[in-house]
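Q: Mind looking at a prediction? Sequence and model below.
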Amino acid sequence: MPPTQLQAARNGVVTEAMRRVADRENRDPAFVREQVAEGQAVIPSNRNHDALDPMIIGREFATKVNANIGNSETTSDRETELEKLHAAIHYGADTVMDLGTGSALDEIREMHVEHSPVPIGTVPLYEAVTQAGSPDAITKELLLEIVEKQAEQGVDYMTIHAGILAEHLPLTDGRKTGIVSRGGSIVAKWMEANGEQNPLYQVFPEICEIFADHDVTVSLGDSLRPGCLADACDEAQYAELDTLGELTRVGWDHGVQVMVEGPGHVPMHKIAENVERQQEVCDGAPFYVLGPLVTDIAPGYDHITSAIGAAMAAQAGAAMLCYVTPKEHLGLPEAEDVRDGLAAYRIAAHAADVGTERPGARDWDDALSEARYAFDWREQFRLALDPDRARSFHDQTLPGDNYKEARFCSMCGAEFCSMRIDQDTREEGEMDRLEPATDLAESPAADVNLPPVGTHDSGVRSPLDDVDVSPVEPAEDD
Ligand code: SF4
């Protein structure tokens, strides 16, 4: 069996994937190899994922963003799932998790892997529940069978809820919202019904063997993440984190790349504490955080409440941010929700990269600011995180082409445009004229931190360009 990225790195080998990642991040390939060898970064890259353009997740690299898609038993179909994948990649997702629990799971997963240039992640436990019929009917054999099948299908990373143990369950008794992780609630129900330790914990070494065979990265699920501010940083959450640290080392011993998932809902003053504790307990394995939401009061706006927490977590050392859409807590996101969630999270990731002074990260801001000051509206739209939205908002009030040359917009109007007044004052008086000075072509920033965001335009032809979105024939098992 060929070595995993981790095994190759430990052997001193710089793989093709490491070279590609180094190029995209503007880093030395030897540094990439070193980070992977030490478990400080992962390159999720299943050997069976032919369309993959490799990327890296680690605190020393540009902050990454994951988008969750996937159907549920009540809504979404194949065509919609492909549209969501397309939207996620188009709006800058660095990885996509297929969390489907509805029908045609194999067909949709294979379609996602086939068409995706970004790593695909899954939660095999969900399919186990679908097949077994209920959480307590799952068997260890079924779990291993599903993990192996998904690994063969080309899934690049899988969330494994192995860290929640029977002895942790009583620690959740005083919580306000109990166990809110889907996987966590399923495993807890199984343990209560079967009177046994977590089956994923029991078979974790076997799962690692399968992962090593296909180079699947393990993403250790945080089953006991807090579901509200009141439950943040409690004994249950941190007891599970200790187990995740233990499992991190088990994964590494098997030559498997490991990242660790984190909360959830956390007040602003406790976010850095969460990140620092994970980094210490898990020996620096990349931290992959969901949000966290910094307040519980805003259903309908949780892409904002969570993007605030995500930016703070990334500044404190989190390596990848799992997006949250405006539909969080309310319903299954659709393509427009994917767009809004990704915009919020690309902003969080970029803001953190600027805040941690990654080389060249602010160049994009500087280029856009210079275009803005120069009233170069077309360039301002082109550089915008979401060019279509920037242009359409501008054109709502000033649609004519002549307004693309205007030295004002409808916000302050021609008379009160401060930038026009400033320019005129500099023309007429003693102050210096201000000239643009940023050349993005020369920027040392990672390509995920330069416009256009994401990988959809990274120079690698995406299979999505050829995608046929006509309805797929129903599978035989439908
Ligand atoms: S009118 Fe106001 S918002 Fe519009 S360009 Fe001028 S200063 Fe900026």
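A: Sure, I can see it.

Q: contacts and neighbour counts: CA atoms only from here.
A: Will do.

Q: Just the buried positions in stretch 422-433, please.
A: Buried residues in stretch 422-433, counted by 16 or more other C-alpha atoms under 10 Å: Gln423.

Q: Does that stretch reach the ligand?
A: No. Applying C-alpha under 6 Å from any ligand atom, one finds stretch 422-433 separated from the ligand by no less than 9.4 Å.

Q: Mean confidence (pLDDT) on that stretch, please.
A: Taken as a whole, stretch 422-433 has an average pLDDT of 95.

Q: Distance from the chain centre to that stretch, please.
A: Here stretch 422-433 is found 45 Å from its chain centre; the criterion is C-alpha atoms, centre = their mean, to the nearest Å.

Q: pull the CA atoms of that stretch into CSV?
A: Provided in CSV are the C-alpha atoms of stretch 422-433 (Å, rounded to 0.1, in the frame of the first residue of the first chain):
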residue,chain,number,x,y,z
ASP,A,422,-10.7,64.8,-0.3
GLN,A,423,-9.4,64.4,-3.8
ASP,A,424,-10.5,67.9,-4.8
THR,A,425,-8.8,69.3,-1.7
ARG,A,426,-5.6,67.5,-2.6
GLU,A,427,-5.7,68.7,-6.2
GLU,A,428,-6.2,72.3,-5.1
GLY,A,429,-4.1,72.5,-1.9
GLU,A,430,-0.9,71.4,-0.3
MET,A,431,-1.7,67.8,0.6
ASP,A,432,-0.2,65.0,-1.4
ARG,A,433,-2.3,63.2,-4.1
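
Q: Could you tell me the model confidence score at whatever residue of the stretch 151-300 of the chain ends up closest to the ligand?
A: The nearest approach of the stretch 151-300 of the chain to the ligand comes at Gly300, 27.7 Å away (C-alpha to the nearest ligand atom). On the pLDDT scale, Gly300 is placed at 97.

Q: List the contacts of it.
A: Counting by C-alpha atoms under 8 Å, 6 or more residues apart in numbering, Gly300 makes contact with Pro326, Lys327, Glu328, Leu330.

Q: so which of the residues you listed is the most crowded?
A: For the contacts of Gly300, the largest number of neighbours (other C-alpha atoms under 10 Å) sits with Pro326, at 25 neighbours.

Q: so that residue makes contact with Pro299?
A: Yes. Using C-alpha atoms under 8 Å, Pro326 is in contact with Pro299, at 7.5 Å.

Q: Surely Glu114 is in contact with His49?
A: Yes. Using C-alpha under 8 Å, Glu114 is in contact with His49, at 7.2 Å.

Q: so which strand or helix has the spatially most central residue of the chain?
A: Per C-alpha atoms, centre = their mean, the C-alpha nearest to the average position across the chain is that of Asn66, at 1.7 Å. Using DSSP states H and E, Asn66 sits in strand 64-69.

Q: neighbouring contacts of that strand?
A: When contacts are defined by C-alpha under 8 Å, 6+ apart, strand 64-69 is touched by residues 57, 81, 84-85, 88, 92-100, 319-324, 333, 338, 342, 345-346, 349.

Q: near the ligand, which residues of the protein?
A: By C-alpha under 6 Å from any ligand atom, the residues of the chain that approach the ligand are Phe408, Cys409, Ser410, Met411, Cys412, Gly413, Cys417, Ser418, Met419.

Q: So the last one: helix, strand or coil?
A: It refers to Met419. helix (DSSP: H, G, I helix; E, B strand; the rest coil).

Q: nearest spatial neighbour of it, skipping sequence neighbours?
A: Computed as C-alpha to C-alpha, 6 or more residues apart in numbering, the closest residue to Met419 that is not its neighbour in sequence is Tyr373, at 6.4 Å.

Q: Pretty sure Ile421 is one of the things that neighbour touches, is it not?
A: No. The criterion here is C-alpha under 8 Å, and Tyr373 misses it with Ile421 at 11.2 Å.
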